[in-house]
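Undergrad: no FASTA, just this:
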């Protein structure tokens, strides 16, 4: 039996680029959903800090996660870094569903 994977990306965004970042992030999430194994995505805002955004992606299994990490992940991350530089920072976690 395979377990679903939750890929969590927590982003701290500088207030002066928040609106522009959100405008970019929504289609970025749609692109992520086009990758094999990505099943859903949801965006959350920290109730105590509107400049912290958390994205949750549910993947079919660890094989799909590994395929993403070994393939398009570098370019997807680089796109945000090119556009926003040091105005954003991200932390990522990979969680296995029980």
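TA: Done, it's in. Source: prediction; values computed, not measured. Numbering: from 1, shown residues only.

Undergrad: what comes into contact with the lowest-mean-pLDDT helix or strand in the chain?
TA: Ranked by mean pLDDT, DSSP states H and E, the weakest helix or strand in the chain is helix 73-84, scoring a mean of 94. With C-beta atoms under 8 Å, 6 or more residues apart in numbering as the test, helix 73-84 has contacts from 13, 17, 20, 21, 24, 28, 31, 32, 88, 90. C-beta: built from backbone N, CA, C; applies to glycine.

Undergrad: Out of the residues you listed, name the ones that lie in helices.
TA: Mapping these onto helices (DSSP state H) picks out 20, 21, 24, 28, 31, 32.

Undergrad: now those in CSV, with neighbour count and pLDDT?
TA: Supplementary listing: those in CSV, determined by neighbours: other C-beta atoms under 10 Å; pLDDT from 0 to 100:
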residue, neighbour count, pLDDT
20, 13, 97
21, 20, 97
24, 15, 97
28, 15, 96
31, 12, 97
32, 19, 97
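
Undergrad: Just the closest of those residues to residue 65, please.
TA: residue 32 (11.8 Å; C-beta to C-beta).

Undergrad: residues in contact with the closest one?
TA: Residues near residue 32 by C-beta under 8 Å, 6+ apart: 38, 41, 57, 76.

Undergrad: Swap in 10 Å and give it another go.
TA: Applying C-beta atoms under 10 Å, 6 or more residues apart in numbering, we find residue 32 in contact with 7, 9, 38, 41, 55, 57, 59, 68, 72, 73, 76.
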